[in-house]
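**Student:** Curious how this folds, go ahead:
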Amino acid sequence: MINKPAGIVVHPGAGNRNHTLVNGLAHHCGKNLSTVNSDIRPGIVHRIDKNTSGILVVAKNDFAHMQLAKQFEIHSIKRKYICFLYSALRPLNGKIETLISRSENNRLKMSVSQSKGKKAVTIYRTVKNFSNYASKVECELLTGRTHQIRVHMSSLGNSLIGDRTYKVKNYSLPKELAKEINEFPRQALHAYFLEFIHPRNGKVMHFECNMPDDMQNLESLLNKIEKKS
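**Tutor:** Below is the predicted model:
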């Protein structure tokens, strides 16, 4: 298990050949990584965005990789994220089920579609509402589409704090806190929970990791909103 910091790309790609998670894994593990995804992505069963932090599982051999990949394919792996959003979700808790496809207007973005793309399902729960200015939300992925949480939340009108790509509008914030909140340097999204069946012994394995310092500091800042309200 790896707790990936924000700012690190998972595997090499266009414009990111070095300083990726895979480069570090190769240095640390040598050839003791699965080869299912070729030499470019040794050990990588799944990925999270560069500016998302949190838990990843890495396979050290092909058997483990194939067993884990199957669990991802049938959506039996449990993945939960914590994020901070602008405004309050309506409803506060729910299930989003859509198709997600590549945006026709910007090929670097994904978008909700009525007619094409892959099925995407997110269950969300509001953990805390900061006086309707912002929310702390837990999201459970039942599928794993590119940018799924970011796309689904913005489709409801609630962009993640720090997410410049999917920000849908300017949100109302207390003037004395607006600048700090709006300048949060990355999407406020953290993969904090992962549960799967061990590939060899069949035991249920689950892992959790706390939010990193930057998101804990953001939460402290948002708590100031309630004190001023």
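
**Student:** can you map out the strands along this structure?
**Tutor:** 2-4, 53-56, 78-86, 93-102, 110-113, 118-130, 134-141, 189-197, 204-208 (DSSP state E).

**Student:** Columns mean pLDDT and distance to I149 on top of those, output as CSV?
**Tutor:** Backbone N, C-alpha and C define where each C-beta goes, glycine included. CSV is the format used below for the strands of the chain (pLDDT from 0 to 100; distance: least, C-beta to C-beta, whole Å):
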stretch, mean pLDDT, distance to I149
strand 2-4, 89, 16
strand 53-56, 95, 12
strand 78-86, 98, 6
strand 93-102, 96, 9
strand 110-113, 93, 11
strand 118-130, 97, 6
strand 134-141, 98, 5
strand 189-197, 97, 6
strand 204-208, 95, 18
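
**Student:** looking at those strands, which is closest to M66?
**Tutor:** strand 189-197 (13.1 Å; C-beta to C-beta).

**Student:** tell me which strands and helices that closest one is in contact with?
**Tutor:** Applying 3 or more C-beta pairs under 8 Å, 6 or more residues apart in numbering; DSSP states H and E, one finds that strand 189-197 contacts strand 53-56, helix 62-73, strand 78-86, strand 204-208.

**Student:** What count of nearby residues applies to N182?
**Tutor:** Counted with other C-beta atoms under 10 Å, residues neighbouring N182 total 15.

**Student:** so what's it up against?
**Tutor:** Neighbouring residues of N182 by C-beta atoms under 8 Å, 6 or more residues apart in numbering: 161, 173.

**Student:** Fine by me, thanks again.
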